[in-house]
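**Q** below is the structure, and that's it, no one-letter string:
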Ligand SMILES: Nc1c(NC[C@H](O)[C@H](O)[C@H](O)CO)[nH]c(=O)[nH]c1=O
Ligand SMILES: CC(=O)[C@@H](O)COP(=O)(O)O
């Protein structure tokens, strides 16, 4: 049932992450900022009920590597859950096959007791800080466009957790560790966005609104 428009809530409901599997893929440039952002995202996932064994964390050298890594991690989790990678490329997630919260027969759980299931969302985290050449613009542009492509191709939400900052202080503030203004940890927002999008996409895939 859709919500009545006249009572449309400004803030969405609280989503339950207890049956979700979420990946965080992060770059390593500007490590102290990255560490704080990843910690913020993990904190929100846990607060929403995501189980530790359903939080998959992977790392790559820099932000430029994020799109391919997200694409491969989505496909790998799909294979781990007992499906073939070509199912994914053929759009199994796009058509919204309902995903069971229980392990899929034949799926290889890497961690004892863990549920081996496809990913419900991926959070891509990177920190780009402008230098003195055009490098920043090329990476920012290509990474943002490629991450959008990955999520549309896979039908799996990819949360855009890439800071594109003009100074190091801007990056620190957005990770909640600024020197003069502490700031708000955007990693927390990305964790919440992942839970909401994963929950909504699952519902929509089941024809539920
Ligand atoms: N300068 C920053 C980079 N640069 C590295 C690239 O992302 C990439 O790893 C390299 O060109 C090899 O393909 N990455 C960041 O994440 N942040 C930066 O500020
Ligand atoms: C994000 C970047 O591309 C960057 O920090 C590179 O710096 P530079 O333009 O000085 O080479």
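**A** Thanks, I have the structure now. Computed from a predicted model, the values in this text were never measured in an experiment. Ligands and ions are numbered 1, 2, ... in the order given.

**Q** for the residue most central in space within the chain, helix, strand, or coil?
**A** Within the chain, one residue has its C-alpha closest to the average C-alpha position: by CA atoms, centre = their mean, that is residue 123, at 2.0 Å. Reducing the assignment at residue 123 to three states with DSSP: H, G, I helix; E, B strand; the rest coil gives strand.

**Q** name all residues that make contact with it.
**A** Contact analysis of residue 123 by CB atoms under 8 Å, 6 or more residues apart in numbering lists 22, 23, 24, 25, 41, 158, 159, 161, 190, 191, 194. C-beta here means a position set from N, CA and C on the backbone, and glycine is covered the same way.

**Q** OK, contacts around the nearest residue to residue 47 once chain neighbours are set aside?
**A** Take residue 47 and drop its neighbours on the chain: the residue closest to it by CB to CB, 6 or more residues apart in numbering is residue 191, 8.0 Å away. With contact taken as CB under 8 Å, 6+ apart, residue 191 is in contact with 40, 41, 42, 43, 44, 45, 47, 48, 123.

**Q** spell out which two among those are the most distant pair, please.
**A** For the contacts of residue 191, with distances taken as CB to CB, the pair at the greatest spread is 47 and 123 (14.6 Å).

**Q** element containing the residue nearest to residue 47?
**A** Residue 191 belongs to helix 186-205 when elements are defined using DSSP states H and E.

**Q** do you know the pLDDT at the residue of the chain found nearest ligand 1?
**A** When CB to the nearest ligand atom is the measure, the chain has its nearest residue to ligand 1 at residue 62, with 2.1 Å between them. pLDDT recorded at residue 62 is 98.

**Q** need phi/psi at it.
**A** With angles defined as degrees, to the nearest 10, residue 62 shows backbone torsions of phi -130, psi 180.

**Q** then residue 129?
**A** Summarising the backbone geometry of residue 129 under the convention degrees, to the nearest 10, its torsions are phi -120, psi 130.

**Q** going forward, begin numbering at 766 instead of 1
**A** From this message on, residue numbering opens at 766, which makes the last subject residue 894.

**Q** tell me where this structure has helices.
**A** If you assign secondary structure with DSSP state H, the helices in the chain sit at 796-812, 831-845, 850-854, 900-919, 933-939, 951-970.

**Q** now those helices in CSV, with distance to ligand 2 and mean pLDDT?
**A** Supplementary listing: these in CSV, determined by distance: least, CB to the nearest ligand atom, whole Å; pLDDT from 0 to 100:
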stretch, distance to ligand 2, mean pLDDT
helix 796-812, 13, 98
helix 831-845, 13, 96
helix 850-854, 31, 53
helix 900-919, 3, 98
helix 933-939, 10, 98
helix 951-970, 17, 98
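
**Q** circling back to that earlier point, what distance separates the helix holding residue 956 from the centre of its chain?
**A** Helix 951-970 has its average C-alpha position 8 Å from the chain's average C-alpha position, going by CA atoms, centre = their mean, to the nearest Å.

**Q** how far off helix 900-919 does it point, in degrees?
**A** 20 degrees (axes from the mean of the first three to the mean of the last three CA atoms, to 10 degrees).

**Q** tell me the angle helix 951-970 makes with helix 796-812.
**A** Taking the same axes, to 10 degrees, one finds that helix 951-970 is oriented at 40 degrees with respect to helix 796-812.
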